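# just the structure for this:
(one chain, ligands or ions: 2)
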Amino acid sequence: MWESKRHAGATRVDVDLKKMKEAVILSVRDNGVGITQKQIENPRSMGLLGIKERRAYFRGDVTIRGAPKKGTTISLRMPLT
Ligand SMILES: Nc1ncnc2c1ncn2[C@@H]1O[C@H](COP(=O)(O)OP(=O)(O)OP(=O)(O)O)[C@@H](O)[C@H]1O
Ligand SMILES: [Mg+2]
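Ligands and ions are numbered 1, 2, ... in the order given. Below is the predicted model of the structure:
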C-alpha cells in the first residue's frame, strides 16, 4: 500500500479480498504511474522478491501488471487446499 504512494504517486488504491472455495484472491490496484516490466523483473527489487518468496511458500500465484500513467495492479491467489 505504501508503495502506491512512495513509487506510484497514486491518489487512489483499491483493495479487494475474495474467498473462493479453493483459494483466496487478493488484489491491490492503484492509479499511479504504472510499474514497468524492467522494475518487475529487477532482481534488486527486494519488496517484490519478498512477495515472490512468500508466494512460493504458499504455493500461490502472483501477477503484477503496470500500465503507463494508468496504474499498477498486483493480484495474488493462495490455494486453500
Ligand atoms: N505501485 C507501484 N507503482 C509504480 N511503481 C512501483 C510500484 N511498486 C513498486 N514500484 C517500482 O518497482 C520497484 C521495486 O519495488 P520494490 O518494492 O521491490 O523495491 P523498493 O520499494 O524500491 O525497495 P524496498 O521495498 O526494498 O524498500 C520500485 O523501486 C518502484 O520503482
Ligand atoms: Mg518496496
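# switch to C-alpha atoms for all contacts and neighbour counts from now on
OK.
# in the chain, which spans are helices?
Here the chain has its helices, by DSSP state H, at 2-6, 37-41, 46-58.
# please convert the ones you listed to a markdown table, extending it with distance to residue 78, mean neighbour count and mean pLDDT.
Shown next, in a markdown table, are the helices of the chain (distance: least, CA to CA, whole Å; neighbours: other CA atoms under 10 Å; pLDDT from 0 to 100):
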| stretch | distance to residue 78 | mean neighbour count | mean pLDDT |
| --- | --- | --- | --- |
| helix 2-6 | 22 | 12 | 69 |
| helix 37-41 | 20 | 12 | 94 |
| helix 46-58 | 6 | 13 | 90 |
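# between those, which one is nearest to residue 69?
helix 2-6 (12.9 Å; CA to CA).
# before we move on, back to that, mind putting the helices of the chain in a markdown table, distance to ligand 1 included?
Rendered in a markdown table, the data for the helices of the chain read as follows (distance: least, CA to the nearest ligand atom, whole Å):
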| stretch | distance to ligand 1 |
| --- | --- |
| helix 2-6 | 4 |
| helix 37-41 | 5 |
| helix 46-58 | 3 |
